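Chemist: Sequence and predicted structure below; questions after.
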Amino acid sequence: MKPTQGFATIVVISFIALLVGVLGIIAYFKFSSKQSTVPLPIPVSRQSSAITLPTLSPASSPMDETANWKTYKSTSCPVVISYPQSWNITDLKLAKGVDYTGNSLGCCKITSPEYVTKLGEEAGGRINISKLAFSNVISDSKINNFDDYIAVLKKQTTVTGLQDKQFDPIIGKRYLTSGFFAETNFAFVKNNSLYIISWNNDSLSDSEKKLIDQILSSFKFL
């Protein structure tokens with residue numbers, strides 16, 4: 001009986017060991033399968049951190065506001081000036097009565113579509129370009145230079161704010177007059193003649209003043 005009991009004990013122990021081993025293998029595979037279902041972090045490429053700048057389309061680039069403007073060449077004065085298509089221009093052809101002094105001068109007159117005059121007041125933009133040849137006689141005074149012209153002008157109207165001014169590359173004098181219309185003036189000498197550019201700056205809005213400046217900046221000689 002003793003050998004039989006010993007053999008049975010060995011069988012039981014072997015069976016228990018086999019069972020433990022099988023259970024261990026099953027537990028190992030279950031644990032491994034759980035680990036495999038955990039998503040791994042996705043590596044971030046260096047390219048993804050780069051900042052991509054927006055590309056400007058042609059429509060977003062600034063446009064030249066004066067690209068579609070008209071260009072005027074005077075028939076009486078050797079000048080060229082550009083102006084908006086909606087504005088009007090009159091060639092004065094040295095007509096009389098343009099200047100305060102009544103002298104025969106005048107190249108052109110440029111006015112905005114809204115320009116009107118009523119009871120000594122102006123509304124809308126207006127620019128006059130005039131020419132006076134030296135050695136002319138105005139009000140019994142001979143005009144030889146800019147100072148002579150200002151002296152005669154002061155007899156006809158009020159002249160204030162006289163100062164040096166440059167509209168590149170033209171150098172001249174800027175002054176204000178307050179006769180029938182209040183005007184800002186820029187005068188300069190060219191080819192033994194005095195040129196006067198006048199505009200109604202005081203009665204304009206900021207946008208109209210900006211437009212007047214753009215027109216004046218296009219002025220040049222032929």
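Modeler: Perfect, I can see it now.
Chemist: Can you mark which positions in the helix or strand containing residue 152 are buried?
Modeler: Assigned by DSSP states H and E, residue 152 falls within helix 146-156. Within helix 146-156, the residues that count as buried by 16 or more other CB atoms under 10 Å are 146, 148-149, 152-153. From N, CA and C alone the C-beta is placed, and that goes for glycine too.
Chemist: Also stretch 206-214?
Modeler: Neighbour-count burial for stretch 206-214 [16+ other CB under 10 Å]: 208, 211-212.
Chemist: for stretch 188-200, same thing?
Modeler: Here stretch 188-200 shows 188-189, 194-200 as buried, counting by 16+ other CB under 10 Å.
Chemist: ok, the residues you listed vs residue 124, which is closest?
Modeler: Distance to residue 124, by CB to CB, is smallest for residue 200 among the buried residues of stretch 188-200, at 8.4 Å.
Chemist: How much space separates the closest one from residue 130?
Modeler: 15 Å (CB to CB, to the nearest Å).
Chemist: what's the answer for residue 172, then?
Modeler: Separation of residue 172 from residue 130 (CB to CB): 13 Å.
Chemist: rewinding a little: helices - which of the buried residues of stretch 206-214 land there?
Modeler: Mapping those onto helices (DSSP state H) picks out 208, 211-212.
Chemist: Make JSON lines out of the buried residues of stretch 188-200 and add secondary structure and pLDDT.
Modeler: Formatted as JSON lines, those follow (DSSP: H, G, I helix; E, B strand; the rest coil; pLDDT from 0 to 100):
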{"residue": "188", "secondary structure": "strand", "pLDDT": "88"}
{"residue": "189", "secondary structure": "strand", "pLDDT": "87"}
{"residue": "194", "secondary structure": "strand", "pLDDT": "86"}
{"residue": "195", "secondary structure": "strand", "pLDDT": "88"}
{"residue": "196", "secondary structure": "strand", "pLDDT": "89"}
{"residue": "197", "secondary structure": "strand", "pLDDT": "90"}
{"residue": "198", "secondary structure": "strand", "pLDDT": "89"}
{"residue": "199", "secondary structure": "strand", "pLDDT": "89"}
{"residue": "200", "secondary structure": "coil", "pLDDT": "85"}
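Chemist: Pairing partners for the helix or strand where residue 71 lies, with directions?
Modeler: Element membership of residue 71 [criterion: DSSP H and E] is strand 70-73. Take DSSP bridges as the rule and strand 70-73 pairs in its sheet with strand 79-83 (antiparallel).
Chemist: Next SSE downstream of the strand it pairs with?
Modeler: Taking DSSP H and E, what comes next after strand 79-83 is strand 88-91.
Chemist: and that next one, which residues are buried?
Modeler: Neighbour-count burial for strand 88-91 [16+ other CB under 10 Å]: residue 91.
Chemist: got any ranges where this protein has weak pLDDT?
Modeler: 1-8, 11-12, 20, 22, 28-63, 93-105, 120, 135-141, 180 (pLDDT under 70).
Chemist: Isn't residue 132 up against residue 190?
Modeler: No. Contact between residue 132 and residue 190 fails when scored by CB atoms under 8 Å: they sit 11.1 Å apart.
Chemist: before we move on, the earlier item: which one of the buried residues of stretch 206-214 sits closest to residue 15?
Modeler: residue 211 (106.3 Å).
Chemist: and the gap between the nearest residue to the closest one once chain neighbours are set aside and residue 155?
Modeler: Using CB to CB, 6 or more residues apart in numbering and skipping the chain neighbours, the partner closest in space to residue 211 is residue 125 (6.5 Å). The gap separating residue 125 from residue 155 is 29 Å, by CB to CB.
Chemist: If anything else comes up later, I'll come back, but that's it for now.
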